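Undergrad: below is the structure, and that's it, no one-letter string:
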Ligand code: MOS
């Protein structure tokens, strides 16, 4: 089905099941340990051997020799896989560095060997006996040092200019010209990267933890130089991804190579200390923002440039993209700068682009509001735009930023805020309030599904969509239930298997809107097939409570499939509505902090997010997404930072002892409000993404609250106490 024009009325709009705050249908399986994660398919492969990854201890150089003899002779060891015996490997196109190093080391902890043994402990012990000789080469690891040399955009992400920024900025009555930095960050998903592989002849099955089944399969086929059709990827439960599992990674490649080498199933998990450097991370940024307004506070000129680094052939962190769309202003300039660094591979982490971009932009807006002398909410509203500022003929499909800010201000008690910093004390705490706009684009991409109706009236949905803890199982079941007029208990959802139709997958907050649209499309076909089977008119037929009605006639769904299961399949394709309309999601983030007047310790006291993100398919799962994202935003504001050793070229704090993320004790009252924002342009579901929106802007709102509490403006994340004293 092609979605080409704004969605009219359709069965989803009944909202009998869709839009209800239903519990996650996978919840009981997960909380009782019955959901099998990638490393836990014991019944499928009771004889699985264990692989342990050896990571390179240098950041750049050559392998001159590998001696596996001692490891090979260690107790329980079956074999050691290296590039020397792995056969000729290709490379997928979603990653820059090789997932098993050949003679060149491209980054620290790049995999150089897999030791396979009867037990995990034996493999780990033997891994320390693999002797690799390296010839170290000079690498470049310091973004700030490289910055002066990088003055233009990469070819495929050119600078964007509207009007004449330089002249308008020079003529502006009020100006800001400031730099901001965000650090390298690690996804730190609860479940590590893990895979189990087994071969039957030339057919490969990989149970893994991956957000994008089709990308994983395509890149694995390219890496192993084999046809995609011979590979099956299974990933029905995933313990968090945050972008770190968008791509094929070394665990899956090495499990496949290992299983081929030992002719039995092999499991590979990346130990926590390997993850930060062996996998991907969110690249650090240095951002330069210039804003000029007239005396009334109207933006005349706005420029945003962002420097980030990556391996050769890597891409920049797109930290300026929200600045192209968030505020009005006739004269604009944005540009991405990319330094070549020999650090581990930079890639997507939750809300790539907007998350670090808003960390900078929304402090800058707070600073500007203060310079102009108006309230930061009023300043944002004054500079709102309902059209793409670069193409005024192109409106936003829906844009409720002003409503988010006004609703939040009222709810949070913003009128009680003292605009003058460092005026409010509560015992030893300086107390402040901060606000930021949230913005994240709503991407749409095709998504397929297959649905079956059986003789008991049960609907089974199959799609390779993943559930990374987001609630996909539940909203897909709600969609099928609504479309077919059955209670959710009559729907079975099967996900995360490359045997099922290719879905949009879980990334870029596009998963909920697009994968439910795929199920919608398949259910439209199923309704037609059922009507036809019953001899009803497909256009007139209505579906409710397990029944199908057409005028005076009615039958049960089960009757339609009494003789044979009815199976149909379809894919939702999106036309060019996303070119005609800018589709984005909006939020207002409100924060209250206390800052210890003596130690500089920051405690976040209250958090409120008001979100406008299209129809909310399930307020409970959506709220869980947003409160999780707000928690990540708190981590980004106050704690998260991979420390670069710019002598040896690696992230030093590569475990959860050194890389701090928020724990429950750090998280105060969190409140989430969803505005009624049904968007007929986005899809037949009229929904949008919300999981990444919940993060975008939160860290800046915290930094702004800290400024309001203390009068100290910190432009370098994380805002640790040493920066406040
Ligand atoms: Mo998201 S960074 O696209 O998983």
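TA: All right, it came through fine. Note that the structure is a prediction, hence the values are computed from the model and not measured. Numbering: from 1, shown residues only.
Undergrad: chain neighbours aside, what residue packs nearest to residue 122?
TA: Using C-beta to C-beta, 6 or more residues apart in numbering and skipping residues adjacent in sequence, the residue nearest residue 122 is residue 76, 3.3 Å away. For the C-beta atoms, the positions are set from N, CA and C on the backbone; glycine is no exception.
Undergrad: check contacts around that neighbour.
TA: 117, 118, 119, 122, 123, 126 (C-beta atoms under 8 Å, 6 or more residues apart in numbering).
Undergrad: can you show me the strands along the stretch 451-600 of the chain?
TA: Assigned by DSSP state E, counting those that start in this stretch, the stretch 451-600 of the chain shows strands spanning 459-462, 491-494, 542-544, 547-550, 553-556, 566-574, 584-596.
Undergrad: now the nearest residue to residue 104 once chain neighbours are set aside: which helix or strand?
TA: Spatial nearest neighbour of residue 104, chain neighbours left out: residue 62 (6.1 Å); criterion: C-beta to C-beta, 6+ apart. Taking DSSP states H and E as the criterion, residue 62 maps to strand 61-67.
Undergrad: what's the average pLDDT for that strand?
TA: For strand 61-67, the mean per-residue pLDDT is 98.
Undergrad: so how far is that strand from its chain's centroid?
TA: The chain centroid and the centroid of strand 61-67 are separated by 36 Å under C-alpha atoms, centre = their mean, to the nearest Å.
Undergrad: kindly report the same for stretch 479-488.
TA: 28 Å.
Undergrad: distance of the residue sitting furthest away from the middle of the chain from residue 263?
TA: Residue farthest from the centre of the chain, counting by C-alpha atoms, centre = their mean, is residue 552 at 49.3 Å. Going from residue 552 to residue 263 by C-beta to C-beta, to the nearest Å gives 65 Å.
Undergrad: any idea which element residue 7 lies in?
TA: Per DSSP H and E, there is no helix or strand for residue 7.
Undergrad: for the nearest residue to residue 120 once chain neighbours are set aside, which three-state class applies?
TA: Leaving aside its sequence neighbours, residue 120 sits nearest to residue 50 (C-beta to C-beta, 6+ apart; 4.4 Å). Using DSSP: H, G, I helix; E, B strand; the rest coil, the structure places residue 50 in strand.
Undergrad: with residue 632 instead?
TA: helix.
Undergrad: for residue 237, which non-adjacent residue is spatially closest?
TA: residue 35 (4.4 Å).
Undergrad: residues from this protein in reach of the ligand?
TA: Proximity of the chain to the ligand is confined to 211, 241, 242, 243, 246, 348, 349, 350, 352, 507, 508 under the rule C-beta under 6 Å from any ligand atom.
Undergrad: export those residues as CSV, with columns for pLDDT, secondary structure and neighbour count.
TA: As requested, the residues of the chain next to the ligand are arranged in CSV below (pLDDT from 0 to 100; DSSP: H, G, I helix; E, B strand; the rest coil; neighbours: other C-beta atoms under 10 Å):
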residue, pLDDT, secondary structure, neighbour count
211, 98, coil, 28
241, 97, coil, 25
242, 98, coil, 25
243, 98, coil, 24
246, 98, coil, 26
348, 98, coil, 23
349, 98, coil, 26
350, 98, coil, 27
352, 98, coil, 23
507, 97, coil, 24
508, 97, coil, 24
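Undergrad: wait, which of these is closest to the ligand?
TA: The ligand lies nearest to residue 243 out of those, by C-beta to the nearest ligand atom, at 2.5 Å.
Undergrad: so which residues of the stretch 151-300 of the chain form helices?
TA: Using DSSP state H, counting those that start in this stretch, the helices assigned to the stretch 151-300 of the chain run over residues 165-171, 213-224, 250-262, 272-278.
Undergrad: looking at those helices, which is buried most?
TA: The highest average neighbour count among the helices of the stretch 151-300 of the chain, using mean count of other C-beta atoms under 10 Å, belongs to helix 250-262 at a mean of 26.
Undergrad: relative to the whole chain's centre, how far out is that helix?
TA: 27 Å.
Undergrad: let me know the average pLDDT across it.
TA: pLDDT averaged over helix 250-262 gives 98.
Undergrad: what is that helix packed up against?
TA: On a contact count with 3 or more C-beta pairs under 8 Å, 6 or more residues apart in numbering; DSSP states H and E, helix 250-262 meets strand 49-55, strand 77-82, strand 111-117, strand 194-200, strand 203-208, helix 213-224, strand 266-269.
Undergrad: which elements pack onto the longest one?
TA: Spelled out, it's helix 213-224. Going by 3+ C-beta pairs under 8 Å, 6+ apart, helix 213-224 lies up against strand 203-208, strand 231-234, helix 250-262.
Undergrad: one more time with 10 Å
TA: strand 194-200, strand 203-208, strand 231-234, helix 250-262 (3 or more C-beta pairs under 10 Å, 6 or more residues apart in numbering; DSSP states H and E).
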